[in-house]
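*Asks:* how would this look folded up:
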Amino acid sequence: MNDIIGVRSFVLITGASRGFGRALALEMGKVVGAGSTLLLMARNMADLETTKAIVRDARPGLAVELVSIDLETANRETFENAVRSNYGSGDHSVAVVIHNAGTLGQDGRKITDLTDIDEMSRYYRLNLFHVICLNSVFKSCFPATRTVYINISSILALQPMVTWGHYCGGKSARDAVFRVLAVEQPESVVLNYAPGPLDTPMVDDLLADTQTDQVVRTMFEDMKQNGRLLRPADSAATMVALLRKQNFKSGDHVDYYDDAAKEAMQSNTAASSSGGSSSGAATSNSSSSGAAAANTGSGV
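*Replies:* I've put the predicted structure just below:
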């Protein structure tokens, strides 16, 4: 098993301007090897600069490059220019792309209320099509480098939730695409990681939206008030632990609450206690089907 963590790496993270994307940038920045490059993408450059400052504070001297990009309109040329102009040394041991960007696409409507094809096309272009395109570009940019493809998924890729037809459909489709990728690219590592119910600005946006379905609103309000939302840093550290231990089959869907994630964190904690390297965040023991349904980790 070849190491993913601790080696010279090129790491691209979409939706890195806030929330879970920012946590991923920080945790990955802590554990990549010397000479690595982080390429962070999002629409808001000011927020990306904040993420960069946080990462560089934890890891002085790390190459952190930023690209302001609208993933709804980005195409092959856009992605190629972004990656090739930020290669860094170009001799990385591993190239990692983490697809965190995404939107909820919910406004209180049920699936049978959706009739606008153009609206649907815009949603899936942002939440699915750009992911497929970027993976293809990533492969072409690193033809001789070991590649790792990570989809930030959700329990809602597997379970339905009322008025979240777009979100469930997009997450389910992304999982399927990454499972195909794992079969087609057996030399690569592919992971669908569901980070659990996260306390991110996306939840605040959801609760502030007057169109949010009341059942959904009540569920999120209960989780937030009762402290059942996870810290993004904890879930990001768990994903890093999974990449370190690699105790999953390429293409698997692994949830924060799954045994594989718990085992990886236990190994991480044991290594840290014995003086090994660890990103060090502890996991939460809270779980419920309602909490799992709140996995809205994307950090657009």
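
*Asks:* Give me the distance between the residue nearest to residue 70 when sequence neighbours are not counted and residue 142.
*Replies:* Computed as Cβ to Cβ, 6 or more residues apart in numbering, the closest residue to residue 70 that is not its neighbour in sequence is residue 43, at 5.8 Å. All C-beta spots, glycine's among them, are computed from the backbone N, C-alpha and C. For residue 43, the distance to residue 142 under the criterion Cβ to Cβ, to the nearest Å works out to 25 Å.

*Asks:* before we move on, what about residue 5?
*Replies:* With distances taken as Cβ to Cβ, residue 5 is found 18 Å from residue 142.

*Asks:* can you pull out the helices in the chain?
*Replies:* For the chain, the helices defined by DSSP state H cover 19-31, 45-58, 76-84, 117-124, 130-141, 165-184, 201-208, 214-225, 232-245, 259-273, 289-292.

*Asks:* so how many other residues sit close to the closest residue to residue 124 other than its chain neighbours?
*Replies:* Nearest-residue entry for residue 124: residue 170, 6.4 Å, with adjacent residues in sequence omitted and distances by Cβ to Cβ, 6+ apart. Counted with other Cβ atoms under 10 Å, the neighbours of residue 170 add up to 25.

*Asks:* Residue 116 now?
*Replies:* Summarising burial for residue 116: neighbours were counted as other Cβ under 10 Å, giving 10.

*Asks:* Starting from residue 56, give me the distance back to it.
*Replies:* Relative to residue 56, residue 116 is positioned 43 Å away (Cβ to Cβ).

*Asks:* what does residue 159 give?
*Replies:* As judged by Cβ to Cβ, residue 159 and residue 56 stand 39 Å apart.

*Asks:* Where does pLDDT dip in the stretch 201-300 of the chain?
*Replies:* Scanning the stretch 201-300 of the chain for pLDDT under 70 picks out 272-300.

*Asks:* The same query, at a cut-off of 90, please.
*Replies:* Counting by pLDDT under 90, the stretch 201-300 of the chain contains low-confidence ranges at 201-202, 205, 267-300.

*Asks:* On the pLDDT front, check the residue nearest to residue 70 for me.
*Replies:* Reported pLDDT at residue 43 in the predicted model: 96.

*Asks:* Quick check: it vs residue 27, distance?
*Replies:* The spacing between residue 43 and residue 27, counted by Cβ to Cβ, is 22 Å.

*Asks:* Between those two, which is the more surrounded one?
*Replies:* For residue 43 against residue 27, the residue with the higher neighbour count under other Cβ under 10 Å is residue 27, and the figures read 24 against 15.

*Asks:* Skip the chain neighbours and tell me the closest residue to that one.
*Replies:* In this structure, residue 27 finds its nearest non-sequential neighbour in residue 236, 4.2 Å apart by Cβ to Cβ, 6+ apart.

*Asks:* From residue 257, how far out is that neighbour?
*Replies:* If you go by Cβ to Cβ, the gap between residue 236 and residue 257 works out to 15 Å.

*Asks:* same thing with residue 169?
*Replies:* Distance, residue 169 to residue 257, using Cβ to Cβ: 23 Å.
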